[in-house]
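# My questions concern the predicted model and sequence given below.
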Amino acid sequence: MVKVLPNGLSLARYGFSVTKKVGNAVERNRVKRLLKEIVREHLDVVGWDIVFIPHREVSTASYQQLDDAVIELLTQAQIL
């Protein structure tokens, strides 16, 4: 899940809200690291606040599956 709001700034801000339902601290941190890397690689937009809220299934997803999901979600939100 992705929540997007315009922020009126000359930069984009990103947040990652990973609940305990995803797994233990190691799994949650892995998910956050993967999402940060995906954002770093693909996003160069400005003027948006973007919060990623991964669901339980994301802990077993591969990097490519996460990458595809993030691209799809940001395309649906008309960010990309």
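Perfect, thanks for sending it.
# show me what contacts the nearest residue to residue 36 once chain neighbours are set aside?
Take residue 36 and drop its neighbours on the chain: the residue closest to it by C-beta to C-beta, 6 or more residues apart in numbering is residue 16, 7.1 Å away. All C-beta atoms are positioned from the backbone trio N, CA, C, and that covers glycine. When the contact criterion is C-beta atoms under 8 Å, 6 or more residues apart in numbering, the partners of residue 16 are 31-32, 35-36, 51-52, 54.
# Quick check: beta-bridge partners of the most centrally placed residue in the chain?
The geometric centre of the chain, computed from its C-alpha atoms, lies nearest to residue 52 (C-alpha atoms, centre = their mean), at 3.9 Å. With DSSP bridges as the criterion, residue 52 is bridged to residue 2, residue 16.
# residues of the longest helix seen in the chain that come out buried?
Of all the segments assigned as helix in the chain under DSSP state H, the longest by residue count is helix 25-42. Of the residues in helix 25-42, those scored as buried under the neighbour-count criterion (16 or more other C-beta atoms under 10 Å) are 28, 31-32, 34-35, 38-39.
# Quick one: mean pLDDT over it.
For helix 25-42, the per-residue pLDDT values average out at 94.
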